[in-house]
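In: with the input below, show me the fold.
(one chain, ligands or ions: 2)
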Amino acid sequence: MSLLFLKFSNLVSGYGDTMVLRDVSGSVERGSVLGVLGRNGVGKTTLMKTLAGYIKPQGGTVTLNGRNVNALAPQDRLHAGMAYAPQENVVFGDLSVHENLWLHLDDKDESRYESCLKSFPRLVERMAQRSGLLSGGERKLLSFTRSMGLRSPLTILDEPTEGVQPENIHRMATLVRSQCATGAAFVIVEQNLEFLLSVADTVLVMDHGQVMLDSRVESTSREKLEEFLMV
Ligand SMILES: Nc1ncnc2c1ncn2[C@@H]1O[C@H](COP(=O)(O)OP(=O)(O)OP(=O)(O)O)[C@@H](O)[C@H]1O
Ligand SMILES: [Mg+2]
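Out: Numbers count the residues shown, from 1 in each chain. Ligands and ions are numbered 1, 2, ... in the order given. Below is the predicted model of the structure:
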């Protein structure tokens, strides 16, 4: 069995005539985390949407577990083993926390959410409430919890810690690492360098739709990464 789980090669992608990704390649192995860094507007979310199938690339390929998934719609990529928690519009505001967690699942296997709900008691307290009433950070926790409950072979998280309290960010890192220990892979876009360095095995730095650095975390330094993020 190959260790490589997700591979994306020479992606060219954008919106209509606006090209955002110019030639983006990278990969993530089973049981590991790829952290994606870059200043605002450099194309991180565009890359995640392209990986998840919401934007069709004009060039390049996305391979999941050795299979080219370019032609697959988002729902089919989910079934193929790719879960995606977007940066924006993360939960259904009119639905309760409970509905957000269970509506898309056929089974009622409570163990799916056990470790996340233990870590985030706030969600348990709010279970019957409309998700639209949650704070931005709490909505992020809900979106994170829902994605983790899928136990997908690959999970894409776009800025999961935005607005989340420090102690919960720390718990998120622990939860991600424990899923990694079971062989799951993650792609995580983050501005929070401390969280990213605590969780990632490899890091990909983007600028202007291109890859500036693709390195194992231990082969780079916090200072070097901070330099890339300076405006
Ligand atoms: N729907 C869209 N239509 C046209 N252009 C878009 C669209 N969404 C994003 N863009 C543009 O694409 C570029 C990259 O945006 P993207 O959201 O991928 O960046 P990002 O790195 O995720 O930024 P942030 O750190 O703010 O989340 C930006 O110039 C943005 O204005
Ligand atoms: Mg973004």
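
In: enumerate the positions of stretch 80-94 that are buried.
Out: Across stretch 80-94, burial judged by 16 or more other C-beta atoms under 10 Å covers 80-87, 90-91. C-betas here are computed from N, CA, C, even on glycine.

In: of the residues you listed, closest to ligand 1?
Out: Q87 (5.7 Å; C-beta to the nearest ligand atom).

In: who touches the spatially closest residue to that closest one that is not a sequence neighbour in this structure?
Out: In space, and not counting its chain neighbours, Q87 is closest to D158: 3.9 Å by C-beta to C-beta, 6 or more residues apart in numbering. By C-beta atoms under 8 Å, 6 or more residues apart in numbering, the residues touching D158 are 44-45, 48, 84-87, 189.

In: which pLDDT value belongs to M1?
Out: For M1, the model assigns a pLDDT of 61.

In: same check, this time on V231
Out: 69.

In: S25 sits in which helix or strand?
Out: Using DSSP states H and E, S25 sits within strand 18-29.

In: can you tell me the strand partners of that strand and which way each runs?
Out: Paired neighbours of strand 18-29 in the sheet (DSSP bridges): strand 4-15 (antiparallel).

In: check whether the partner strand contacts ligand 1.
Out: Yes - contact between strand 4-15 and ligand 1, assessed by C-beta under 6 Å from any ligand atom, occurs at Y15.

In: as PDB, could you dump the C-alpha coordinates of that strand?
Out: Listed next in PDB are the C-alpha coordinates belonging to strand 4-15 (Å, rounded to 0.1, in the frame of the first residue of the first chain):
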ATOM      1  CA  LEU A   4       0.900   8.700  -0.600                       C
ATOM      2  CA  PHE A   5      -2.800   9.500  -0.200                       C
ATOM      3  CA  LEU A   6      -3.400  12.800  -1.900                       C
ATOM      4  CA  LYS A   7      -1.400  14.200  -4.800                       C
ATOM      5  CA  PHE A   8      -2.000  17.400  -6.700                       C
ATOM      6  CA  SER A   9       0.100  18.300  -9.700                       C
ATOM      7  CA  ASN A  10       0.500  21.500 -11.700                       C
ATOM      8  CA  LEU A  11      -2.900  22.900 -10.800                       C
ATOM      9  CA  VAL A  12      -4.000  25.900 -12.800                       C
ATOM     10  CA  SER A  13      -7.300  27.100 -11.400                       C
ATOM     11  CA  GLY A  14      -9.400  30.200 -10.800                       C
ATOM     12  CA  TYR A  15     -12.700  32.000 -11.400                       C
END
